[in-house]
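Q: one predicted model, sequence on top.
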Amino acid sequence: MGRLERDPVSELFDAAARRLLERAYKSADHCAATRLADPTPAQRAAVASAYQVDVDAPDDAGKGQMRTRWGRAFARSLYYNHRWYYRRGGQLGQTRRTETSERPLKVTMGRHLPVRGVIPAGRLVVVEVLPGGAAKARALAAKPATDRYITPGGEPGPAWNEGPEARDWETAEL
């Protein structure tokens with residue numbers, strides 16, 4: 001599958017997504033956490049005017065696991081960067097020629113946390129870079145078919161995004 005046009009809100013998170021992925025790849029357990037700060041009033045207004053997206057609306061993809069559209073955009077950025085800029089040992093110097101799925105990525109959006117000192121209010125986000133190969137195949141086989149984004153053959157599964165025609169954002173410059 002080739003690249004499709006990206007969710008423009010997710011592109012705003014690319015630098016943060018790469019920093020979090022880098023920490024996950026370097027940690028002994030291949031896991032890292034951060035707090036996704038709530039959008040500021042200025043960010044809400046900019047995204048709403050440029051893309052007609054309400055970042056505080058409930059997550060409308062999958063089963064709503066990312067809580068809000070803001071959280072879903074961050075998750076999309078994590079998955080995109082993982083597929084196109086990382087390999088087994090960590091970050092590549094440039095974009096891959098083809099996307100990879102050698103090591104799956106698990107993103108968990110946690111509960112909303114209040115302000116703590118200089119740390120802003122936001123949701124706890126945990127990423128895990130899971131083992132590939134046979135371990136990946138076993139984990140995929142254990143998932144119910146309705147939860148699979150990718151089938152064992154590598155094709156889109158039932159939980160796959162419906163495609164560009166189902167998107168509700170406009171393409172614009174911020």
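A: Sure thing, it's come through.

Q: and residue 93, what pLDDT?
A: With respect to pLDDT, residue 93 scores 58.

Q: after the helix or strand of the chain with the lowest mean pLDDT, which helix or strand is next?
A: The helix or strand of the chain with the poorest confidence is strand 90-91; it has a mean of 54 (mean pLDDT, DSSP states H and E). Reading on from strand 90-91 to the C-terminus, the next helix or strand found by DSSP states H and E is strand 105-113.

Q: so which elements touch that following strand?
A: Applying 3 or more Cβ pairs under 8 Å, 6 or more residues apart in numbering; DSSP states H and E, one finds that strand 105-113 contacts helix 69-85, strand 122-129. For every residue, glycine as well, the C-beta is placed using N, CA and C.

Q: given it, what are its sheet partners and their directions?
A: Note on strand 105-113: by DSSP bridges, its sheet partners are strand 122-129 (antiparallel).

Q: buried residues in the partner strand, which are they?
A: 122, 123, 125, 127, 128, 129 (16 or more other Cβ atoms under 10 Å).

Q: would you map out the domains in the chain?
A: Following automatic domain parsing, one gets these domains for the chain: 8-130, 132-165.
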